[in-house]
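*Asks:* this is the structure alone, sequence omitted:
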């Protein structure tokens, strides 16, 4: 697949390198030619100097043949404009924009433009390192109908089948990890203390699921 990356900062250059290592063709657009120094010396893709929402520069980068575009400059407005031009004018299906403002990111998600909001993501990952038992959702879809949560199995649930930990109509297990090895869930398999389980939870069901996971149901699981 051909991918256009707009912005050659640390994220853009790293993304370009990873994509090329994965066998994709890549073109990088940046308004400053010196930004391309961040690319590997053996980078084989195209480099285009100019603003990312300039249609001529995008065409020079091969946007008409592109299967995806990533707008990862340091400006929210520029990234959204680039994403909209790629989606609405050139018809690129896979478009993503980096947005620093979390509130704006949610708005653009609802308009159909996938976004990556680094501050919220970083905060969440740091919290999960220092407060592994903290609640909250790892991911929420733009309509807020479903969300993804990560939970660690405690002693109360150990030995019980995974199906007992889920909550019908509220939370379904979608992945598990034991000793660093992840896999798809087996509802009949017994969980062990320390297992990590990811659950897809209904948007208004998080409190009910946490009450089930940590409350009377967990206590009863010991017996």
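*Replies:* Cool, the structure landed. Bear in mind that the values here come from a model prediction, so they are computed numbers and not experimental data.
*Asks:* ok, the closest residue to residue 11 other than its chain neighbours to residue 190 distance?
*Replies:* Spatial nearest neighbour of residue 11, chain neighbours left out: residue 72 (4.7 Å); criterion: CB to CB, 6 or more residues apart in numbering. C-beta coordinates here come from the backbone N, C-alpha and C atoms, glycine included. Going from residue 72 to residue 190 by CB to CB, to the nearest Å gives 43 Å.
*Asks:* out of those two, which sits in the more crowded spot?
*Replies:* Relative neighbour count places residue 72 above the other of residue 72 and residue 190, with 24 against 13, counting by other CB atoms under 10 Å.
*Asks:* quick check: bridge partners of residue 115?
*Replies:* The residues listed as beta-bridge partners of residue 115 by DSSP bridges are residue 97.
*Asks:* what of residue 26?
*Replies:* Bridge pairing for residue 26 - DSSP bridges - gives residue 3.
*Asks:* so it touches residue 6, yeah?
*Replies:* No - taking contact to mean CB atoms under 8 Å, the distance of 11.5 Å between residue 26 and residue 6 leaves them out of contact.
*Asks:* the more surrounded of those two?
*Replies:* Neighbours were counted for residue 26 and for residue 6 using other CB under 10 Å; residue 6 has more, 33 against 26.
*Asks:* ok, the more buried one - contacts?
*Replies:* Listed by CB atoms under 8 Å, 6 or more residues apart in numbering, the contact partners of residue 6 are 12, 28-30, 52, 69-73, 78-79, 82.
*Asks:* now a ChimeraX select for only the buried ones of those residues.
*Replies:* A single ChimeraX command is used to select the members of the contacts of residue 6 judged buried by 16 or more other CB atoms under 10 Å:
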select :12,28,29,30,52,69,70,71,72,73,78,79,82
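*Asks:* the helices in the protein, which residues?
*Replies:* Listed from the start of the chain, the chain has helices (DSSP state H) covering 10-21, 55-60, 76-84, 102-110, 118-130, 162-165, 206-214, 216-220.
*Asks:* which residue is the nearest non-sequential neighbour of residue 159?
*Replies:* Spatial nearest neighbour of residue 159, excluding adjacent residues (CB to CB, 6+ apart): residue 190 at 5.3 Å.
*Asks:* follow-up on the earlier one: from residue 25, how far off is the residue nearest to residue 11?
*Replies:* 18 Å.
*Asks:* ok, residue 63 next?
*Replies:* Between residue 63 and residue 25 the distance, using CB to CB, works out to 13 Å.
*Asks:* what's opposite the residue nearest to residue 159 in the beta bridge?
*Replies:* According to DSSP bridges, the residues that bridge with residue 190 are residue 161.
*Asks:* rewinding a little: contact partners for the residue nearest to residue 11?
*Replies:* The neighbourhood of residue 72, defined by CB under 8 Å, 6+ apart, consists of 5-7, 9, 11-12, 15, 79, 97-98.
*Asks:* next: residue 90.
*Replies:* Applying CB under 8 Å, 6+ apart, the residues near residue 90 are 58, 63-64, 66.
*Asks:* and residue 96, by the same measure?
*Replies:* Residue 96 makes contact with 68-71, 83, 113-116 under the criterion CB under 8 Å, 6+ apart.
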